[in-house]
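K.L.:
With the sequence up front, the predicted model follows.
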Amino acid sequence: MTALLETRGVWQRFGGLVANSDVSISVGRGEIVGLIGPNGAGKSTLFNLIAGVLPPTQGSILFDGDDVTHMPAAERCQRGIGRTFQVVKSFETMTVIDNVIVGALVRNTVMREARRKAHEVLEFTGLAARADVLASDLVPAEKRRLEVARALATEPKLLLLDEVLTGLTPTEAQTGVALVRKVRDAGVTVLMVEHVMEIVMPLVDRAIVLDLGKVLVEGKPNDVVRDPKVIKAYLGDRHAVGA
Amino acid sequence: MGDDAVTAQAIIQSLASGLLMGLLYGLIAVGLALIFGLMDVVNFAHGEFLMIAMYVSFFLFTFFAIDPLLSAPLVAAALFVFGAVIYLLVVRFAMRAKANAGMVQIFSTFGLAIVMRGLAQFFFTPDYRSIPQSWLGGKTISIGGIFLPEPQLIGALVSIAAFAGLYFFIHRTDFGRALEATREDPGAVALVGIDKNRVFALGWGLGAALVGLAGAIMAVFFYIYPDVGASFALIAYVTVALGGFGSVFGAFAGGIIVGLVEAVTALVLPPSLKSVGIYAVYLLVVFIRPRGLFGSM
Amino acid sequence: MDKTFAARRRRDLIIAAVLAALAALAPLFVKDVYVQNILILTLMYAALSQSWNILSGYCGQISLGHALYFGIGAYTTELLFTKFGVLPWFGMLGGGVIAALIAMGLGYPFFRLRGHYFVIATIVIAEIGLLLFQNWEWAGAAMGITVPIRGDSWLKFQFMRTKLPYFYFALALCCLAWFVTWWLEDSKWGFWWRAVKDNPEAAESLGVVVFNSKMGAAAVSAFLVAIGGAFYAQFLAYIDPESVMGFQFSLLMALPAVLGGIGTLWGPVLGAAILIPMTELTRSYIGGSGRGVDLIVYGALIVAISLALPQGLVSLFSRTKAKNQIKGATR
C-alpha cells in the first residue's frame, strides 16, 4: 500500500537561506510520526509546505496518491489534511462550539449536521463543558485542545500537529498524549512536530529528525534517541539541553 | 516648433508647481505617518489638525499682525501641545479597547474630527477667511521663465528642512531613539524604564507640530474654513499609504509623487478630475505592493 | 444545548416580527410629515447599515466606500427611467445586480489589501466614482437628474401626496436586510465570514476559501445597499452625485452598526434607531443656527460610545443576560 503522505526532494529557499534541502519523507496510514530536530532545523517550514501555506521552491508533495504540491490550503483540508498552529489561532470572538462548526462545515453542508458533528468532536476532545464559552476566554491548554478539535471536525485522514504538547504542564501534556493516541485509534494518521524529544518519543511509532534543513536520521524512537548524530545535533543546540 | 516650446514650457511649469505642492503634501502627511509608525493608529482627525493650525496662524495675524512665516514656529508649538493633549484625553483610552480595537481607533478619532469641525464653526463661523496681505502672499519668482509662487516655494523649503530635522531628530537625539525603540517593541521599552504613555504623547505632539508647520504655510495662500481639513485629509491618507504606513521617508516620497501626479493629471484631464490621477496611482501602487512603496512587507 | 440555540434563533425572529408589526402601525399615530420623514430615513439607514454590516461587520472587511453602491443603485434606476422609460422596479434590481458585479470586480484587487490599505482603497474608489459622475455629461454631471413627475402610482413607485408608501417600502427593505442577516448568520456563509474576520489563516486551514467568502459578502452587501440607493432616489425624486454618492453616506452606513454593535444581528437596527433621529433632530433644532452645535454633540457622542462601549450598545443587553444564561456572551 502506498504511503498517505510523501514528500519528494523538497527544497525551500528564502532568499539566500535554505530552510529545507532535498527532504524526502513518507508517512504511512495509521502511523504516529514525530518530526523533531533542534531549533532552526526546518521543521516548521516543512510542516507549512505540507499544510499548503506556501509551495516549495522545488520538489513535490503527494497526499493519498495525488500531487498536492501547488494546492491551496483550503483544498488540502477538503482532501483530508487537518492542521493546528504552533501559535494558537482561535477565532477569538466566536464560541468554542462555533469555532468547531467552522471545521465541521467542510464535510457537512446542512447546519444541523455540522452542529451535531461539532458537539461530537467536543465530546471526543473533552471540551464539551466549554462549548458555549468564547474562545478568547479559554486557558492556553484549552486553546491547544480547541485547535485539535477544530482540525478533527474537518474529518482529516492526516492530522498535522504543530508543537501541541510544548509548554504544557506535565499533567496537561499527559492528557494531550492520551488525546493523540485516541485520535490515532479513531483511524487518523498523525504527523507531529515537536522540539523537545522527551515528550514525543514515548508516543510516536517513528521519528524523523531534521537538522540544518535535511533529514538527519529516521527510525524507531529508541534507535533515534541513541543515534550519535542526533545527540550531537541536539548538543549543538543549547536550548534543548536540559529540556 | 513654437508650439512645442510652449508645451514643453507648460509641462515644466506644471511639474515644478507639482513638485512644490508635493513637498507640502509630504509635510502635511508626515505627522500621520509618524503617529502610525509609533503606535499603529491612524488619526482620522489629521485634516482637522491642519484646519486648526490654519486658524491659529490666521488669528495670530489678525490680532497681533504677526506674519504667518514668523508665526509658523508658534503655530507648531501650539499644535504640539494640542496633539499631546488629544492623545492624553482621547486616544490613550482608545488604545485600551480590548474588542474591535481598529474600529474604536477609527471612529473615536473620527468623532473627534467632527467635534473639532463643530467647534470651529461655533467659534469662527463657517465663513471663508484668508490672510489678505502677507510677506509672501500672491508673490511669484521667475526662474528661467518658470513662475514659482513664493508661498509654495518657501513651503517646499520648510518641508525639506523639516524632514531633514526629523531625520536628525529620530537618529541623533535621546527622545528620537526612545521613539524608535517604542515603535519597535513597546513592551521591552517599559522594562528599561521609558514611560510608554509619555513617548506616545510626545509622538502625538510632534506629529501635530509637523502638520502645524504645514498649516501655517497653507494659511498664506489657501482659504481658511471649518471643513478645509477634509479636502486635505484624504490626500494625506493616500500620501502616507502610498509611501507605506509608518515610513517617514515614505511620506516624503509619497508627497512628491502625489504632487507630481496631480499636476500631470491636471494637464491631461479637466481640472475637476485632477484628484482621479492621485487615486488611480494609489490603487495601482497598492495592487502591486500591498504595503505601499516603502512599507515593510 | 442545541435547544437553547434554536430557541434563541426563534426568539430573535419573534422579536423582529413584533417590532416590524409595531413599526407598521406607527403611521396610525404619526401624522406629522416631518416625523414620518425621520422614520423613513431611520428605516432606510437601518437597512443600509444592516447590509454594510454583512461585509464589514461579519466578514471584517471595513468599507468606507459603500456610497459607491448606494449611488450606483440610485443612478441605474433614474438613468433607466428617464432615458429609456424602464420602470423603477427593474432599475432597482438592475442597480443591485450591477453594484454586486462591481463589488466582485473590485474584490479581485481589493481583497489582497489589509487593514488601513483596504479602508483607504474603499474611500478612494468611491471618490473616483463621485468625480466621474460629476463629470459625466450624459448622466447630468454635477447638475444631476430630476425625476419627471408622472402622478402617484405603485407601478412607477412615485408618490407626491403622501409619504406612507415610502415608509412601508423602507420598512420592508429593513426587514429584508435583517432577515437576510438572520438567515445567513446560521449558515455556512455566516460561519465562514466570522472565521475570516477573526483569523483568515486558520480559516483557510479549515477549508474556508477566504477569497470566495469575502466575494460573497461583498456581493450581498452591495446588492442590498444599491436597492437602498434606488429607493432613496425615488424618495427624493431628484439626484446628483454629491447627494447620493457623497462620503457622508459611507459614514452613515457604518456608524449605526458601529454604535449599535458591529458584526451583530441587532446592532445596526439599534444604532440607526438612536443615531438617525438624533442626527435629524440636532440638525433641525440646534443645527439651524449654523453654528455647528449639532456637530459637536454628534461627534462627542461617537467618541463617547466608541470609547465606552467598544462592542456597541448591544453589549449592554448581553452583559446583563450573561448572568442568567451563559450563552448570551456572543450576542
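P.N.:
Happy to help now that I have it. Numbering: from 1, shown residues only, chains lettered A, B, ... in the order given.
K.L.:
Which stretches in the chain count as strands?
P.N.:
Reading this off chain A. In chain A, the strands defined using DSSP state E lie at A:5-14, A:17-23, A:26-27, A:32-36, A:58-63, A:66-67, A:81-83, A:158-162, A:189-194, A:206-211, A:214-219.
K.L.:
wait, chain C
P.N.:
C:145-146, C:238-239.
K.L.:
Most tightly packed of these?
P.N.:
Ranked by mean neighbour count, these are led by strand C:238-239 with a mean of 20 (mean count of other C-beta atoms under 10 Å in any protein chain shown). No exception for glycine: its C-beta is placed from N, CA and C like everyone else's.
K.L.:
Any chance you could list what contacts that one?
P.N.:
For strand C:238-239, contacts defined as C-beta atoms under 8 Å, 6 or more residues apart in numbering or on different chains pick out C:Ala74, C:Tyr75, C:Glu78, C:Gly144, C:Ile145, C:Thr146, C:Val147, C:Ala233.
K.L.:
So which of those residues sit within helices?
P.N.:
Members of the contacts of strand C:238-239 lying in helices (criterion: DSSP state H): C:Ala74, C:Tyr75, C:Glu78, C:Ala233.
K.L.:
among these, who's most crowded?
P.N.:
Using other C-beta atoms under 10 Å in any protein chain shown as the neighbour criterion, C:Ala74 leads the ones in helices among the contacts of strand C:238-239 with 33 neighbours.
K.L.:
picking up where we left off before, would you turn the ones in helices among the contacts of strand C:238-239 into CSV with distance to chain B and pLDDT?
P.N.:
Shown next, in CSV, are the ones in helices among the contacts of strand C:238-239 (distance: C-beta to the nearest C-beta, whole Å; pLDDT from 0 to 100):
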residue, distance to chain B, pLDDT
C:Ala74, 21, 96
C:Tyr75, 18, 96
C:Glu78, 22, 93
C:Ala233, 23, 94
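K.L.:
Tell me which two of those residues sit farthest apart.
P.N.:
Pairwise distances across the ones in helices among the contacts of strand C:238-239 peak at 7.7 Å for C:Tyr75 and C:Ala233 (criterion: C-beta to C-beta).
K.L.:
Wait, B:Pro290 touches C:Phe111, no?
P.N.:
No - if you go by C-beta atoms under 8 Å, B:Pro290 and C:Phe111 don't touch, sitting 10.4 Å apart.
K.L.:
More neighbours: which of these two?
P.N.:
Comparing B:Pro290 with C:Phe111 by other C-beta under 10 Å, the one with more neighbours is C:Phe111, at 21 against 17.
K.L.:
surely that one meets C:Ala217?
P.N.:
No - contact criterion C-beta under 8 Å: C:Phe111 and C:Ala217 do not qualify, at 10.0 Å.
K.L.:
where do the contact lists of the two overlap?
P.N.:
C:Gln61.
K.L.:
Up against chain B, what does chain A have?
P.N.:
Residues of chain A found near chain B (C-beta under 8 Å from any C-beta of the partner chain) are A:Thr93.
K.L.:
Mind putting the strands of chain A into JSON lines with mean pLDDT and mean neighbour count?
P.N.:
Shown next, in JSON lines, are the strands of chain A (pLDDT from 0 to 100; neighbours: other C-beta atoms under 10 Å in any protein chain shown):
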{"stretch": "strand A:5-14", "mean pLDDT": "90", "mean neighbour count": "18"}
{"stretch": "strand A:17-23", "mean pLDDT": "88", "mean neighbour count": "19"}
{"stretch": "strand A:26-27", "mean pLDDT": "92", "mean neighbour count": "20"}
{"stretch": "strand A:32-36", "mean pLDDT": "92", "mean neighbour count": "26"}
{"stretch": "strand A:58-63", "mean pLDDT": "93", "mean neighbour count": "19"}
{"stretch": "strand A:66-67", "mean pLDDT": "92", "mean neighbour count": "11"}
{"stretch": "strand A:81-83", "mean pLDDT": "95", "mean neighbour count": "29"}
{"stretch": "strand A:158-162", "mean pLDDT": "94", "mean neighbour count": "25"}
{"stretch": "strand A:189-194", "mean pLDDT": "93", "mean neighbour count": "24"}
{"stretch": "strand A:206-211", "mean pLDDT": "91", "mean neighbour count": "24"}
{"stretch": "strand A:214-219", "mean pLDDT": "88", "mean neighbour count": "18"}
